[in-house]
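sequence and predicted structure below; questions after.
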Amino acid sequence: MTGKNARQNAILRQVSGIGASFGAETSYSLLPSQEVVIGRDPSCQLVLDAMLYRMVSRRHAAVRPLSSSPDAEDSWLICDLNSANGTYLNGQRLQGCQQLMSGDYITLGHDGPQFVFECELNYQQATAIAPAAAIPLPPANSYPTPTSAYYQPPPKPPDSLSFTQLFPIISTGKDLTRKAYLIPGMLTVIFVVLMFATVGQPQANQVIVAIYIASAAYYFIYQLCGKPKPWWVLFASALATSVILLTPVLDLFIFVFRVLLPGSQPSEQESITFTELLMRMFFGAGLMEELLKAIPVLAAFLIGKGLRSPWRERIGVAEPLDGILLGTASAVGFTLLETLGQYVPTITQSVSAQSGLGTGQLVGLQLLIPRILGSVAGHMAYSGYLGYFIGLAVLKPSKSWQILLVGYLTAAGLHALWNVTGVINGLLLVIVGVLSYAFLMAAILKARALSPNRSQNFATRFLGPK
């Protein structure tokens, strides 16, 4: 029977992994009053090298003490923290939490680093989680052996064949939607069927193709951002921008930026210098269109301010990632309406008048695809970049006007450069497009680093450490 002052001295001993493979065994003492989180995040109590253990999540698993009376022996639980690759206890994947017994081995991921839990009676209580006192190690050629007291090899898989092995779809559950991209796959199948159904109906077919390409491009940005945002909020942002383009608000913007300000668009017959063209595009395209696309982002911020948590965070703009997601969604609505309502019909009618209706429709489709795909390095890049600054201004309200001014002018400048180089030279257009894409990606990476919810960011599951 254990006395009042006796305690269970618990240790986590790493027995496999990069360090252990070279004999550099590491042990960690556990306190009966402290939870130990294991993962790649620097805030964890037991931090694993992010470059060596990519299969380990930022917050992978936790060893939690069970509350006990002074006369009782201490005990611990091992809990999986919704890790991407799972936590294994004695070779079996862990679901939730399970009590640890001395000699149990814990594996992070199917083939990740392995720890052994050791527990023995000790009358001296540990003071903190830290590498345990140095213990003489066995010779390298005998470490660890299958007969070691603290290590048991994983059990060999049984030869029996289970029903779920023959029909794996039965046992996958929510992993199909969370990890296997089931919903994007379903939507792709639906759009393919719609494309077949609209063969012979050029306008309907172009709408289906454009929406699918734009959705795929946006999904790429969404995955890079790594922050969940309700789909209906993002859809509302895209729809709001499309509606604005069909209202007198657009006429007001055109009057201000292209009549009152020096942003009039040059005609094909007009001969102007590069500097003058750049100035006109800066006011008439950059400043005008970026402000127009920012309206839904600003509206979401104002709406969110009047709501209580968690609706404030779900709908509004609380950080740069929110601004990027809403800004790029707004750009999708702008691109779709501009492409389907202006550019494609204009080029189709022009070519059809010269070479026939069939040729005009083919050229229209050829124009539609690069314009929608190019939005990732075009409208989505500018609007997402400005959205980053809107979210940053929310995080740093004392510097908000300075932040917004820098973001607005930079986004408008990139937009103007794209329009100007498209007229001058195709190679320059490529350079500006790559530059715009780089600006957006840099903003996403910085937004993830600044995010108050950084530890819950799902992008790290397939992009590695930030």
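Arrived safely, thanks for sending.

which residue packs closest to residue 317, ignoring adjacent ones?
Ranked by CB to CB, 6 or more residues apart in numbering and with sequence neighbours excluded, the top spatial neighbour of residue 317 is residue 301, at 4.1 Å. Every residue, glycine included, has its C-beta placed from N, CA and C.

residues touching the residue lying closest to residue 406 once chain neighbours are set aside, list them.
Leaving aside its sequence neighbours, residue 406 sits nearest to residue 389 (CB to CB, 6+ apart; 6.6 Å). By CB atoms under 8 Å, 6 or more residues apart in numbering, the contact set of residue 389 is 320, 323, 403-404, 406-408.

now the nearest residue to residue 80 once chain neighbours are set aside: how far from residue 100?
Nearest non-adjacent residue to residue 80, counting by CB to CB, 6+ apart: residue 87, 4.1 Å away. Plainly put, residue 87 is 12 Å away from residue 100 if you go by CB to CB, to the nearest Å.

quick one, domains of this structure?
Domain assignment of the chain by automatic domain parsing yields the ranges 7-131, 175-460.

which stretches of the stretch 151-300 of the chain have low pLDDT?
151-164, 171-175, 178-179 (pLDDT under 70).

again, only this time at 90
Residue ranges of the stretch 151-300 of the chain with pLDDT under 90: 151-185, 199-200, 202-203, 265-274.

residue boundaries of the helices in the stretch 251-400 of the chain?
Assigned by DSSP state H, counting those that start in this stretch, the helices in the stretch 251-400 of the chain fall at 274-281, 288-305, 311-315, 320-338, 344-355, 357-373, 379-395, 400-424.

now the domains of the chain as JSON lines including distance to residue 168?
Below are those laid out as JSON lines (distance: least, CB to CB, whole Å):
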{"stretch": "domain 7-131", "distance to residue 168": "14"}
{"stretch": "domain 175-460", "distance to residue 168": "10"}
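
figure out which of those domains is closest to residue 165.
Distance to residue 165, taken as CB to CB, is lowest for domain 7-131 among the domains of the chain, at 14.2 Å.

centre of the chain versus the closest one, how much separation?
Distance of domain 7-131 from its chain centroid, counting by CA atoms, centre = their mean, to the nearest Å, is 28 Å.

returning to what we had before: what is in contact with residue 87 and residue 100 at once?
Common contact partners of residue 87 and residue 100 (CB under 8 Å, 6+ apart): residue 78.

between these two, who's got more neighbours?
Ranked by neighbour count (other CB atoms under 10 Å), residue 87 and residue 100 place residue 87 first, with 25 against 22.

what are the phi and psi values at the more buried one?
Backbone dihedrals for residue 87, given as degrees, to the nearest 10, come out at phi -120, psi 130.

repeat that for residue 317.
Taking degrees, to the nearest 10, you get phi -110, psi 110 for the backbone angles of residue 317.

which residues touch it?
Taking CB under 8 Å, 6+ apart, we find residue 317 in contact with 297, 300-301, 304, 323, 326, 390-391, 394.

and the gap between it and residue 300?
Remark: distance between residue 317 and residue 300 (CB to CB) = 6 Å.

shared neighbours, those two?
Common contacts of residue 317 and residue 300 (CB under 8 Å, 6+ apart): residue 326.

mind checking the SS state of residue 28?
Following DSSP: H, G, I helix; E, B strand; the rest coil, residue 28 is assigned to strand.

hmm, it is touching residue 10, no?
No: counting by CB atoms under 8 Å, residue 28 sits too far from residue 10 to count as a contact (9.4 Å).

which SSE is residue 62 in?
Using DSSP states H and E, residue 62 falls within strand 61-66.

convert the next helix or strand after that strand to PDB, retaining C-alpha atoms only.
Using DSSP H and E, the helix or strand that follows strand 61-66 in sequence is strand 75-80. Written as PDB, here are the backbone C-alpha positions of strand 75-80 (Å, rounded to 0.1, in the frame of the first residue of the first chain):
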ATOM      1  CA  SER A  75      -2.300   8.100 -13.200                       C
ATOM      2  CA  TRP A  76      -2.200   9.700 -16.600                       C
ATOM      3  CA  LEU A  77      -4.300   9.800 -19.800                       C
ATOM      4  CA  ILE A  78      -3.000  10.100 -23.400                       C
ATOM      5  CA  CYS A  79      -5.300  12.100 -25.600                       C
ATOM      6  CA  ASP A  80      -5.200  12.700 -29.400                       C
END
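
confirm for me that residue 213 is in contact with residue 370.
No: between residue 213 and residue 370 there is no contact, the gap being 9.8 Å when judged by CB under 8 Å.

mind checking which of these two has more residues around it?
Between residue 213 and residue 370, counted using other CB under 10 Å, residue 213 has the larger neighbour count: 20 against 10.

just say helix, strand or coil for the more buried one.
Recorded secondary structure, residue 213: helix (three-state DSSP).

list the residues that contact it.
So residue 213 contacts 369, 372-373 (CB under 8 Å, 6+ apart).

repeat the analysis, applying 6 Å as the threshold.
With contacts defined as CB atoms under 6 Å, 6 or more residues apart in numbering, residue 213 is in contact with residue 372.

for the helices of the stretch 251-400 of the chain, which one sits closest to residue 258?
Among the helices of the stretch 251-400 of the chain, the nearest to residue 258 by CB to CB is helix 288-305 (7.1 Å).

buried residues of the closest one, list them for me.
Neighbour counts over helix 288-305 (16 or more other CB atoms under 10 Å) mark 288-297, 299-301, 304 as buried.
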